[in-house]
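Peer 1: just coords:
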């Protein structure tokens, strides 16, 4: 088994961190075509340089976004993220729901009432009761987290 090259190792690290540019082959900006420092596979570096090119050098947005392999909306998203959070804003964000979206206040109240009436119920049993009463599937771990949040709020 051969050892991966430095470039392959870097590309794999970028992939694992979610920072790999989705289309490095679309980057046509001269900075990224021949040097060792600028890497078209590094999505964070490409976005930063794209925003810098427009803000500092006054290049047109559409042309610049295209040269860096992104769309105009992607440029504006990167610009806003950079202005709001600095370089950290260009790092990929966690995908998926940001908060409990199935367990509404009504559902949590139902869980609390059920648990008050039958304190020995486990989260899997509570999830089954939610399914019976509301016809909504929830994971037992979501039930545990929702009850813990509700308990924390009461303090």
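Peer 2: Received it, and whenever you're ready, just let me know what you need. In this text the structure is predicted, and so the values were computed from the model without any measurement.
Peer 1: could you pull up the residues touching the closest residue to residue 147 other than its chain neighbours?
Peer 2: With CB to CB, 6 or more residues apart in numbering as the measure, residue 111 is the residue that lies nearest to residue 147, at 6.0 Å, once sequence neighbours are left out. (C-beta placed from N, C-alpha, C; glycine too.) Neighbouring residues of residue 111 by CB atoms under 8 Å, 6 or more residues apart in numbering: 103, 126, 129, 130, 143, 146, 147, 150.
Peer 1: helix, strand, or coil at residue 111?
Peer 2: In three-state terms, and counting by DSSP: H, G, I helix; E, B strand; the rest coil, residue 111 is helix.
Peer 1: now the one 10 residues further on
Peer 2: Under the three-state scheme (three-state DSSP), residue 121 adopts coil.
Peer 1: phi and psi next, for it.
Peer 2: For residue 121, the backbone dihedrals (degrees, to the nearest 10) come out as phi -70, psi 140.
Peer 1: that one and residue 112 touch, don't they?
Peer 2: No: in terms of CB atoms under 8 Å, residue 121 does not count as a neighbour of residue 112; the distance is 11.4 Å.
Peer 1: just to revisit the earlier point, got JSON lines for the contacts of residue 111, with pLDDT too?
Peer 2: Conversion of the contacts of residue 111 to JSON lines gives the following (pLDDT from 0 to 100):
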{"residue": "103", "pLDDT": "82"}
{"residue": "126", "pLDDT": "93"}
{"residue": "129", "pLDDT": "93"}
{"residue": "130", "pLDDT": "92"}
{"residue": "143", "pLDDT": "91"}
{"residue": "146", "pLDDT": "90"}
{"residue": "147", "pLDDT": "90"}
{"residue": "150", "pLDDT": "85"}
